[in-house]
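>>> give me the fold of what follows.
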Amino acid sequence: EMLTYVDGASTASVYLKEGKVQFPDENYSREIMQLFTIGLSMLHQNGTEILNEYGKPVLTYTNEQIEEYAKVWTGFTRQSARGNMERHYYFNRIDPMTIAPTKRDMFPKMGLFQRYIGDGYPLCVDLPEKHFLKAGAKYRLVNSNGQPELQVDSDQWAKSTSGAIQRMFADPNGELYAILCQPSSSNGECQYPSLLELSNDLTCSGDECSVDTIRTIQLETGIFYEYIRPP
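Next comes the predicted model:
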């Protein structure tokens with residue numbers, strides 16, 4: 001497989017942990033441009049190569065872009081193996097990979113044509129208030145321990161001073177609870193869909209009104225949903 005960026009770490013992360021300078025693996029960033037997307041040379045609409053003043057093909061990217069794109073793929077790691085499937089290996093190759101923030105390269109990355117990667121996407125500070133309750137917000141049913149799967153948080157962020165994991169509980173009388181519960185029309189029992197997108201804005205209730213965002217929210221014992229934050 002070409003997923004050589006799995007478990008890759010930023011230069012800063014490796015230096016702080018091991019005291020050595022190590023650059024992210026460049027193989028995937030090179031392969032995805034050379035083999036799967038833009039290729040080696042810029043082309044005219046008719047498919048012929050664009051040539052420079054010396055009659056040489058104009059390259060689509062340089063090694064500088066490869067180094068920059070390699071930073072994009074730092075911090076990705078596989079989720080723990082599922083307990084409901086047979087396997088001959090420990091790794092989970094079914095679920096989306098998760099991000100380990102401590103290994104992630106946090107700095108801006110220059111892409112092609114002197115444009116920063118991600119230009120046009122909102123910054124976290126630009127997201128609307130209570131964005132986890134806005135139309136289009138997505139939630140996914142997660143494991144029974146309530147830990148987020150798409151992003152790994154430091155334990156100290158998720159635990160109180162006593163060491164207990166802090167939980168966000170959905171108000172049983174709130175709009176978000178009702179949407180995530182999806183009660184059956186026949187007996188009123190919750191159906192708990194595996195993936196759900198809000199079709200309209202909701203009104204906050206309970207603890208939802210006192211936070212800026214959420215990672216996971218608990219509906220019942222062992223029932224948790226993870227909020228999929230916009231990129």
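
>>> so which residue is smack in the middle of the chain?
L150 (5.5 Å; Cα atoms, centre = their mean).

>>> give the next helix or strand downstream of the lowest-mean-pLDDT helix or strand in the chain.
In the chain, no helix or strand scores lower on mean pLDDT, DSSP states H and E than helix 155-158, which sits at a mean of 62. Downstream of helix 155-158, the first helix or strand assigned by DSSP states H and E is helix 175-181.

>>> ok, then the element right after that next one?
Taking DSSP H and E, what comes next after helix 175-181 is strand 195-197.

>>> now for that next one, which elements pack on it?
Using 3 or more Cβ pairs under 8 Å, 6 or more residues apart in numbering; DSSP states H and E as the contact test, the elements touching strand 195-197 are strand 138-141. Bear in mind the C-beta positions are built from the backbone N, C-alpha and C, glycine included.

>>> so what strands line up beside the strand it packs on?
Next to strand 138-141 in the sheet, as set by DSSP bridges, lie strand 195-197 (antiparallel), strand 223-228 (antiparallel).

>>> pipe the ones you listed into a markdown table and attach mean neighbour count per row.
What follows is the strands paired with strand 138-141, written out as a markdown table (neighbours: other Cβ atoms under 10 Å):
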| stretch | mean neighbour count |
| --- | --- |
| strand 195-197 | 13 |
| strand 223-228 | 21 |
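
>>> the biggest helix by length in the chain: how far from the chain's middle?
Using DSSP state H, we find that the single longest helix of the chain is helix 63-72. Chain-centre distance of helix 63-72: 19 Å, with Cα atoms, centre = their mean, to the nearest Å.

>>> quick check: the residue nearest to the centre of the chain touching P101?
No - the criterion here is Cβ atoms under 8 Å, and L150 misses it with P101 at 11.6 Å.

>>> so who does D207 touch?
Residues in contact with D207 (Cβ atoms under 8 Å, 6 or more residues apart in numbering) are 168-169, 171.

>>> what subset of these is buried?
The neighbour-count criterion (16 or more other Cβ atoms under 10 Å) marks 168, 171 among those as buried.

>>> quick check, nearest of the contacts of D207 to N187?
Nearest to N187 among those: D171, at 22.1 Å, using Cβ to Cβ.

>>> who's in contact with the closest one?
The neighbours of D171, taking Cβ under 8 Å, 6+ apart as the test, are 177, 205-208.

>>> among the residues you listed, which are in helices?
Using DSSP H, the subset of the contacts of D171 located in helices is Y177.

>>> for this protein, give me the ranges with low pLDDT.
Along the chain, the model assigns pLDDT under 70 to residues 1-3, 87-89, 119, 152-165, 231.

>>> work out for me the element the most far-flung residue of it relative to its centre sits within.
The centre of the chain is farthest from one residue, Y54, which by Cα atoms, centre = their mean lies 43.8 Å away. Using DSSP H and E, Y54 sits in no helix or strand.

>>> quick check: the gap between it and M42.
Distance from Y54 to M42, counting by Cβ to Cβ, to the nearest Å: 15 Å.

>>> please apply the same query to Y139.
Using Cβ to Cβ, Y139 is found at 42 Å from M42.

>>> neighbour count winner among the two?
A count of neighbours by other Cβ atoms under 10 Å puts Y139 above the other of Y139 and M42, at 23 against 15.
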